[in-house]
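A.B. asks: Structural data only, the sequence is not supplied:
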């Protein structure tokens, strides 16, 4: 169990930057000077994308703890 926790922590430490824009958003935002809005859009998309994964992981952990709990 310790190996899984260490792996999970390392995955969060070594996150590579991801660009999650669709083709239309990228075309519109590339024309802007400074790229401030593009960075904001990228951060918002990645944030919204991560929430379902966190919820599924939490639910899976809860189910795991409930069924494999030692008595």
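C.D. replies: Okay, I see it. Given the structure is predicted, the values throughout are model-derived calculations rather than measurements.
A.B. asks: Going by C-alpha atoms from here, please, whenever you check contacts or count neighbours.
C.D. replies: Will do.
A.B. asks: measure residue 46 to residue 59 for me?
C.D. replies: 21 Å (Cα to Cα, to the nearest Å).
A.B. asks: Which one's more surrounded, these two?
C.D. replies: residue 46 (15 against 12; other Cα atoms under 10 Å).
A.B. asks: That one in helix, strand or coil?
C.D. replies: helix (DSSP: H, G, I helix; E, B strand; the rest coil).
A.B. asks: And for the one 3 residues further on?
C.D. replies: Here residue 49 takes the helix state, with states given by three-state DSSP.
A.B. asks: Residue 69 too?
C.D. replies: Following three-state DSSP, we place residue 69 in the coil state.
A.B. asks: show me the contacts for it.
C.D. replies: Neighbour list for residue 69: empty [criterion: Cα atoms under 8 Å, 6 or more residues apart in numbering].
A.B. asks: Kindly list the main-chain dihedrals of residue 11?
C.D. replies: The phi and psi values for residue 11, taken as degrees, to the nearest 10, are phi -60, psi -40.
A.B. asks: Now do the same contact list for it.
C.D. replies: Here residue 11 is in contact with no residues (criterion: Cα under 8 Å, 6+ apart).
A.B. asks: what separates it from residue 30, distance-wise?
C.D. replies: According to Cα to Cα, residue 11 stands 30 Å off from residue 30.
A.B. asks: what does residue 14 give?
C.D. replies: Using Cα to Cα, residue 14 is found at 27 Å from residue 30.
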